[in-house]
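> quick one, structure for this:
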Amino acid sequence: REKFSAFRLPTSHFDDPTVYAMISAADTFGVFQVESRAQQNVALPHIQPNCFDDLITTISLIRPGPVQGNMVKPYFRRRSGQEPVTYLHPLLQPALAESLGIILFQEQVIKIGRDVAGFTGGEAELLRRALGKKNAYEAIAGLRALFVAGAQGKGVSADIAHQIFDQLTAFGGYSFAKSHAAAFAVLVYQSAWLRCYHPREFCAALLNHQPMGFWSPAVLVGDARRRGIDVLPVHLEYSQAGCVVIDDGIRLGFAYVKGFGEEAIARLLEVREHVRLTDMATLYRRTRLPKRLLENLVLAGACDHWGVPRRKLLWQLGKLRAVADELPLPVVAHVDLPELSEALAGALETEAIGFSTGRHVMARIRPTLPAAILNSQEVATVNSGRRVTTAGLLVIRQQPQTAKGFVFLTLEDEFGLINVVVRPKTVTRYRRLLVTKTVLQVSGIVEQQGQVVHVLAVRIARLDG
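Numbers count the residues shown, from 1 in each chain. Alright, predicted model coming up:
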């Protein structure tokens, strides 16, 4: 909030249709609570939030409680009109009408205890607390008996009462209070507003506060570039400690260079204030930074403006002595070193800062690939049931406990992201490929549900880039 105080964040009116259009399109990289794969590929496309209450629902729905209670898909069907809103018993309607008959909020547990079982406010609160505790089996078992007895006293059959209590138990404590979700929804809207109207500043702030959120800096940088934001490499003369906004882009800061902590950055910035660093000898002797740090600086591209190839700069660094009494070992005076290839330069830069500011690996190798290997934009236009082959850099691998052995991959190419679903048997077959971040080629069947498109993997191979 301090960084964006000049932008007058919205504090009471949450009704900008442009912001909601962006959220509904799942264009939410870096947006608090709604940037995850589950939100982008499940909740947002189905709910299509267009008001503040929808944000509260979206946040609350993708939680272990509703997922374990098998409440997510029924909610989607009811919201879209594919399934009627029903209740196990009419007494549930006052508590669950706002959520289409689905338990979403902790407050609803209290209301159900009161309306269905005749609990007092204190007893209903004890029920909510017990459901939220781990290993509270005895307490829950005792409350079940009280709940069923109370429900029978209000004309609910024992069978229906047990079914309702089973839903409450599955819902458990892995859920939000509505008040909590509403507080989060404020941050969701404000984060989305910043992304919508101040994308450069928003992205720079995200990069300056890593690690955080769902996506890695590499994915955030890729997203920024696809939105027309230039992400410029570390520069010895222009970079600051953190990332800064410049013109139409973002300049990476020294903090992204491997090994550069506060002390090393402070030393470099202090020297830069008094001395113009125009060659490797001056940089090394003035800063007295360890050679391994300066190597990373070179590999990050921070010295490219000198016009000297990176390999030659590393050679020069290796020949330098910081103090006069160092052992004067003989060094070959001149060696003709080939320039780094684009692929190797990108790989070394990734080692130095965590990603490459050059061309995406898929943009580099795309010309060598058969036309049959579709990019992310082409995959998005393919109809369900068709077999395709695609490829991309593996950036996310997830295997939720509730997924029954399925693995969910996110591949990235120069145009966007590709969602891949891997069945348990296929996971076993290609397990080694799935544990390393590399470029993968995937053949499989396209499955399309509304705006959501993914590839059900059949074959997976490594694609060297």
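
> where do the helices sit along the stretch 151-300 of the chain?
Using DSSP state H, counting those that start in this stretch, the helices of the stretch 151-300 of the chain run over 158-171, 178-197, 199-208, 217-226, 262-274, 280-287, 291-299.

> nearest to Leu61, of those?
Set against Leu61 and scored by Cβ to Cβ, the helices of the stretch 151-300 of the chain come closest in helix 178-197, at 9.6 Å. (C-beta placed from N, C-alpha, C; glycine too.)

> so which elements touch the closest one?
In terms of contacts (3 or more Cβ pairs under 8 Å, 6 or more residues apart in numbering; DSSP states H and E), helix 178-197 is packed against helix 17-24, helix 52-61, helix 106-117, helix 199-208.

> re the thing from before, let me have the helices of the stretch 151-300 of the chain in TSV, extended by mean neighbour count and mean pLDDT.
Formatted as TSV, the helices of the stretch 151-300 of the chain follow (neighbours: other Cβ atoms under 10 Å; pLDDT from 0 to 100):
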stretch	mean neighbour count	mean pLDDT
helix 158-171	18	90
helix 178-197	20	95
helix 199-208	22	96
helix 217-226	21	95
helix 262-274	14	96
helix 280-287	18	95
helix 291-299	21	97
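
> which of the ones you listed sits closest to Asn419?
Comparing those by Cβ to Cβ, helix 217-226 comes nearest, at 13.5 Å.

> pull that closest one out as CSV, backbone CA atoms only.
What follows is helix 217-226, C-alpha atoms only, in CSV (Å, rounded to 0.1, in the frame of the first residue of the first chain):
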residue,chain,number,x,y,z
PRO,A,217,9.6,-14.4,-11.1
ALA,A,218,10.4,-16.1,-14.5
VAL,A,219,6.6,-16.6,-15.2
LEU,A,220,5.8,-13.1,-14.0
VAL,A,221,8.4,-11.7,-16.3
GLY,A,222,7.0,-13.7,-19.2
ASP,A,223,3.5,-12.5,-18.5
ALA,A,224,4.8,-8.9,-18.3
ARG,A,225,6.4,-9.2,-21.7
ARG,A,226,3.3,-10.7,-23.3
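
> between that helix and helix 178-197, how many degrees?
Angle of helix 217-226 versus helix 178-197, following axes from the mean of the first three to the mean of the last three Cα atoms, to 10 degrees, is 50 degrees.

> run the angle between helix 217-226 and helix 199-208 for me.
Calculated by the same axes, to 10 degrees, helix 217-226 forms an angle of 170 degrees with helix 199-208.

> residues contacting helix 217-226, please?
Defining contact as Cβ atoms under 8 Å, 6 or more residues apart in numbering, one finds that helix 217-226 is touched by 29-30, 199-200, 203, 206-207, 210, 215, 231, 250, 256, 350, 354-355, 357, 360, 395-396, 412, 415-416.

> just stretch 443-454 next, same as before
Contact with stretch 443-454 is made by 25-26, 41-42, 45-46, 379-380, 382-389, 419-421, 455-460, as judged by Cβ under 8 Å, 6+ apart.

> hang on, the earlier thing: now render the helices and strands packed on helix 178-197 as TSV, adding distance to Arg79.
Below are those laid out as TSV (distance: least, Cβ to Cβ, whole Å):
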stretch	distance to Arg79
helix 17-24	13
helix 52-61	9
helix 106-117	17
helix 199-208	29
